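Visitor: what follows is a predicted protein model with its sequence.
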2 protein chains.
Amino acid sequence: MRAVVMYGPGDVRVEEVEEPTLTRPTDAVIRVTATCVCGSDLWPYRGFNEIGKPARMGHEYLGVVEQIGDDVHDLAVGDHVVGSFVASDNTCEICLDGYQSRCIHQVMMGGIGTQADYALIPWADGTLVKIPAERTPEQTASLLAASDVLGTGWFAAVAAGAGPGKTVAVVGDGAVGLLGVLAAEQLGAERIIAMSRHADRQELARRFGATDIVTERGAAGIAEIKELTGGYGAHSTIEAVGTQESMQQAIGATRPGGHVGFVGVAHDVELDGSDLFVSTVHLHGGPAPVRRFLPDLVEAIMTGQIAPGVVFDLTLPIEEAAEGYRAMDERTATKVMLTL
Amino acid sequence: MRAVVMYGPGDVRVEEVEEPTLTRPTDAVIRVTATCVCGSDLWPYRGFNEIGKPARMGHEYLGVVEQIGDDVHDLAVGDHVVGSFVASDNTCEICLDGYQSRCIHQVMMGGIGTQADYALIPWADGTLVKIPAERTPEQTASLLAASDVLGTGWFAAVAAGAGPGKTVAVVGDGAVGLLGVLAAEQLGAERIIAMSRHADRQELARRFGATDIVTERGAAGIAEIKELTGGYGAHSTIEAVGTQESMQQAIGATRPGGHVGFVGVAHDVELDGSDLFVSTVHLHGGPAPVRRFLPDLVEAIMTGQIAPGVVFDLTLPIEEAAEGYRAMDERTATKVMLTL
């Protein structure tokens, strides 16, 4: 089968690899029908994460169940499904508390690689959520977004305490940040301030519900957020980048007692204990437990309540994966779908 | 009047200084009737915090109102009062959200110094809470504890999400940690694990509601907490020390999705962003908004529901303040009350 393999920074290839087979009775194998390139895939692409050897890529996916193990009871061959970037049993105490991304049996799908014709799905009953076979291309794009970027933006908004009466600031205008705007709007936020310098992303942010745009960054960006909020700062801030600057910007833009939901995969971030102590914010984030939200997100997408799929502004056949990575790296695309 | 002044590490003196006078119409001056030495006073005493010049000390206090400014309406001369270590207007958005320790008009009482015969109280209406003039010595001790250590331990327990069904771990066996145990018990926690190596403090922890004692620290301490909690970690962890080790121990002892309430004043703490990201805990803390809790704590103390004053195991006249600092530094006392 075809699979995307990264050999090193900037070096993405599509190769023939062996098809996966069931290894445990709780596994399924799916035929991948849509996958995509994630902002987090750019870290190794840009050389910020070392990859020791050629690495299979991808952790977002829609598919059709091809095979199931003997202990898979909630799925049948032929079911259309979506899953998150972490496989989870969905039965342990951590999963039951809604933190499936830290399931005691967690398997990172990025280590398996879903930018491929087929993918092994561990803990299939706990991981996969059925989706209708009949759907529009827009709904397919939106369901694929739910696999990671929508679910992650949603978690960030929930972690930031977005809701009625709240002013939400969003640091990061990639797909996750933009879908954090959408989530904040859906959760009833009164005001949503998107921090972005790119006209196309500002427009998408406004379409998703942003009421204000701030183009300044760092101290100037924090000052502008404070000015927009009576000197207090935002109640809720979504951090969707993962750098030292973005974390400081997010914490600095938040009022005492406010909440920061951080989902940008942290790279070389060191938080000063005294600064954090004095800030008095709530800080919560990490790998998003997308599985917690998937059933509701599928419902909201299929009923037309939300249409997050518009973040995909480039669709390529999987053979052209390298071009997709390049477009996202150069920011000529926000999010790239790969078709199979 | 007499006042405690720190000249440098280990050098605490009692001197004659000028009595305070009203400077703003929202001020009050109180005659201090009881004050005490705080664990945080030990940071400069031990040379970890630089003090440029001789510094007035103390931020915990009970007193009697002596003078009030023209804009003080809720208090009268002669009222017995308690206040927190931060003066606050109690009317700004931050105060109304329950974060009076970060009031936009906050004044740190430590900069004024309450280890003295009299103290200026800014924002008197917002800062001070009336207490009965008639009370037992035990109630007086408990009310003094409410001024900081009880209020701080209570905030830590609330920030850690302590409540019914929860297993709470407590890092730090000073007065704040011990009163965090008491708060967790009052908030209905199912199980409370105190981390302590000192027999006397273990005993007090058990008296306040600890169900388990862990004597190990660091990785071994984390491992023991995990073993006690089915491999998952505590739901709620109170951090009441403020060092790199204690923060790592607190985060490490907490399950994914759990809550860390940190109130130890952070010293040379750097949190690694990746570790925090992966931990998936909720992190909340800082200078405790004691004022939020004071009315309820006064009520609980006066009705005999709680007796936190037992943390005072040494009482000295203010002239012997130096001996009080030494006793806490050498851990021969948990908490020292100074009488006037």
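Guide: Right, received. Where do you want to start?
Visitor: CA atoms for contacts and neighbours, from now on please.
Guide: Noted.
Visitor: check chain A and tell me which residue is nearest its centre.
Guide: residue A:149 (2.5 Å; Cα atoms, centre = their mean).
Visitor: pLDDT score for it?
Guide: Residue A:149 carries a pLDDT value of 97.
Visitor: which residue sits closest to it, ignoring its sequence neighbours?
Guide: residue A:176 (4.9 Å; Cα to Cα, 6 or more residues apart in numbering or on different chains).
Visitor: now do the SS call for that neighbour.
Guide: helix (DSSP: H, G, I helix; E, B strand; the rest coil).
Visitor: pull up the per-residue confidence for it.
Guide: For residue A:176, the predicted pLDDT is 96.
Visitor: and if you look at residue A:233?
Guide: pLDDT at residue A:233 comes out at 98.
Visitor: check contacts around it.
Guide: A:222, A:225-227, A:252-255 (Cα atoms under 8 Å, 6 or more residues apart in numbering or on different chains).
Visitor: how about 6 Å then?
Guide: A:226, A:253-255 (Cα atoms under 6 Å, 6 or more residues apart in numbering or on different chains).
Visitor: cool, residue A:191 as well?
Guide: A:167, A:211.
Visitor: bridged to it, which residues?
Guide: Residue A:191 has these beta-bridge partners by DSSP bridges: residue A:167.
Visitor: quick check: it vs residue A:318, distance?
Guide: Computed as Cα to Cα, to the nearest Å, the residue A:191 to residue A:318 distance reads 39 Å.
Visitor: same question for residue A:156.
Guide: Counting by Cα to Cα - residue A:156 and residue A:318 are separated by 30 Å.
Visitor: neighbour-wise, which of the two wins?
Guide: residue A:156 (35 against 24; other Cα atoms under 10 Å in any protein chain shown).
Visitor: quickly find the element holding the more buried one.
Guide: Using DSSP states H and E, the element containing residue A:156 is helix A:149-159.
Visitor: do the same with residue A:138
Guide: Per DSSP H and E: helix A:137-146 holds residue A:138.
Visitor: just the buried residues of that helix, please?
Guide: A:138-146 (16 or more other Cα atoms under 10 Å in any protein chain shown).
Visitor: and stretch A:71-79, by the same measure?
Guide: A:72, A:75, A:79.
Visitor: just curious, which of these is nearest to chain B?
Guide: residue A:72 (25.4 Å; Cα to the nearest Cα).
Visitor: with adjacent residues omitted, what lies nearest to the closest one?
Guide: residue A:26 is the one closest to residue A:72 (Cα to Cα, 6+ apart), at 5.4 Å.
Visitor: next up, the contacts around the one you found.
Guide: Contacts of residue A:26 by Cα under 6 Å, 6+ apart are A:69, A:71-72, A:123.
Visitor: would you mind measuring from it to chain B?
Guide: 22 Å (Cα to the nearest Cα, to the nearest Å).
Visitor: and for residue A:18, the neighbour number?
Guide: Other residues close to residue A:18 by other Cα under 10 Å number 10.
Visitor: let me see the domain layout of chain A.
Guide: A:2-148+A:289-339, A:150-285 (automatic domain parsing).
Visitor: between the ones you listed, which one is nearest to residue B:171?
Guide: domain A:150-285 (16.4 Å; Cα to Cα).
Visitor: comparing the domains of chain A, which comes out most buried?
Guide: The highest mean neighbour count among the domains of chain A, using mean count of other Cα atoms under 10 Å in any protein chain shown, belongs to domain A:150-285: a mean of 23.
Visitor: mind listing the helices for chain A?
Guide: A:42-45, A:93-96, A:124-127, A:137-146, A:149-159, A:175-186, A:199-208, A:218-228, A:244-252, A:273-279, A:290-302, A:321-329 (DSSP state H).
Visitor: need the ones you listed in JSON lines (columns: distance to residue A:35).
Guide: As requested, these are exported to JSON lines (distance: least, Cα to Cα, whole Å):
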{"stretch": "helix A:42-45", "distance to residue A:35": "15"}
{"stretch": "helix A:93-96", "distance to residue A:35": "25"}
{"stretch": "helix A:124-127", "distance to residue A:35": "16"}
{"stretch": "helix A:137-146", "distance to residue A:35": "7"}
{"stretch": "helix A:149-159", "distance to residue A:35": "12"}
{"stretch": "helix A:175-186", "distance to residue A:35": "15"}
{"stretch": "helix A:199-208", "distance to residue A:35": "22"}
{"stretch": "helix A:218-228", "distance to residue A:35": "34"}
{"stretch": "helix A:244-252", "distance to residue A:35": "28"}
{"stretch": "helix A:273-279", "distance to residue A:35": "38"}
{"stretch": "helix A:290-302", "distance to residue A:35": "16"}
{"stretch": "helix A:321-329", "distance to residue A:35": "11"}
